[in-house]
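> Sequence and predicted structure are below.
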Amino acid sequence: MMGCGRCGWAVSERTQPALNGRVEVESGREAGDLMNFSQDRDLLAYEPNVFVEVPFTAQERVSVADGLVSGNTLTSVEADFVTAGVEVGGVVLIERVAHEVVAVVDAGTLGVSAVREREADAAIAAKAGEQLSVRVRTFAPQATLIMTCC
């Protein structure tokens, strides 16, 4: 068993993280009800290449080749960021360069930023371009298993 030693809340070793980062737990609660240990942008700040170099560990939620970047806005006709579960604090690779997701505007539009020192800092414009490779990868299911519940 994995879980909290203080309150007894336990996650079964058989638990399989769902694509959206939520897992069922023995108590009937969902791990998604608790705050994750970290967001993807936190991992990005510590290890900028983890989303590029370790793709087999990260869950890929979006992969398209029609990205359009202007300033801090990424748009795609093919992608559905909302259905894919992309959230603020996530990471999007644009032409294999990791960027923070700072806003989910609608199904086809994200606000993005180059990696910032602090989450509260102003967004940094991404390199403009058209027909760009866009991938959204996440470590949220792994972060859900390393949580604080008490």
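Right, received. Where do you want to start?

> Would you mind measuring from Val88 to Val105?
In this view, Val88 and Val105 are 11 Å apart by Cβ to Cβ, to the nearest Å. (C-beta placed from N, C-alpha, C; glycine too.)

> no no, Arg135
Arg135 sits 19 Å away from Val105, going by Cβ to Cβ.

> of the two, who's got more company?
Arg135 (22 against 13; other Cβ atoms under 10 Å).

> host element of the more buried one?
Remark: Arg135 resides in strand 129-138, with elements defined by DSSP states H and E.

> So which residues make contact with that strand?
Under the contact criterion Cβ atoms under 8 Å, 6 or more residues apart in numbering, strand 129-138 has outside partners 21, 40, 51, 55, 58-69, 74, 76, 79, 81, 84, 86, 90-96, 101.

> Please list the members of those residues that lie in helices.
Judged by DSSP state H, the contacts of strand 129-138 include 40, 51 as members of helices.

> PyMOL command for the buried members of the contacts of strand 129-138?
The buried residues among the contacts of strand 129-138 can be selected in PyMOL (16 or more other Cβ atoms under 10 Å) with this line:
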select buried, resi 21+40+51+58+59+61+62+64+67+68+69+74+76+79+81+84+86+90+91+92+93+94+101
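
> Of the contacts of strand 129-138, which belong to strands?
Using DSSP state E to define strands, the subset of these located there is 59-69, 74, 91-94, 101.

> Partner strands of the strand holding Arg135 and their direction?
Each strand that strand 129-138 pairs with, and the sense of that pairing, follows from DSSP bridges: strand 59-70 (antiparallel), strand 91-94 (antiparallel).

> got these as JSON lines, with mean pLDDT and distance to Lys127 columns?
Putting these into JSON lines (pLDDT from 0 to 100; distance: least, Cβ to Cβ, whole Å) gives the following:
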{"stretch": "strand 59-70", "mean pLDDT": "94", "distance to Lys127": "7"}
{"stretch": "strand 91-94", "mean pLDDT": "94", "distance to Lys127": "8"}
